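J.: Coordinates only, no sequence provided:
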């Protein structure tokens, strides 16, 4: 099923509320005028508090594991809403909360 592409500037957070940003934008494919990201690119996470009382560390980086299956850029799947990402070092997912809705792909 088609899902919106996640563009640079979208609001993507870890489960603890830290803001995730693509470290390497993909300018070859844009959505609403902003670069997208391919799943091989690392994401950085800022301001993640973690959960100090239980010893869960703050999220530092994340890597998308799944993205588009039919549409690629430079041979790589593109990051989409509904794709799965894993944060390092604690393994929690990323959650896109505000993205563009005009460009979708499968």
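T.: Yes, it's here. Since the model is a prediction, treat every value here as computed from it, not as a measurement.

J.: Would you check that residue 105 makes contact with residue 71?
T.: Yes - contact criterion CB atoms under 8 Å: residue 105 and residue 71 qualify, at 4.0 Å. Bear in mind the C-beta positions are built from the backbone N, C-alpha and C, glycine included.

J.: Report the set of residues contacting both of the two.
T.: residue 78 (CB atoms under 8 Å, 6 or more residues apart in numbering).

J.: more neighbours, the two?
T.: With neighbours defined as other CB atoms under 10 Å, residue 105 and residue 71 compare such that residue 105 has more, 20 against 16.

J.: how near is that one to residue 29?
T.: When CB to CB, to the nearest Å is applied, the distance between residue 105 and residue 29 equals 9 Å.

J.: so what sits against both of these two?
T.: 5, 78.

J.: what's the model's confidence in stretch 13-25, averaged?
T.: Per-residue confidence for stretch 13-25 averages out to 95 on the pLDDT scale.
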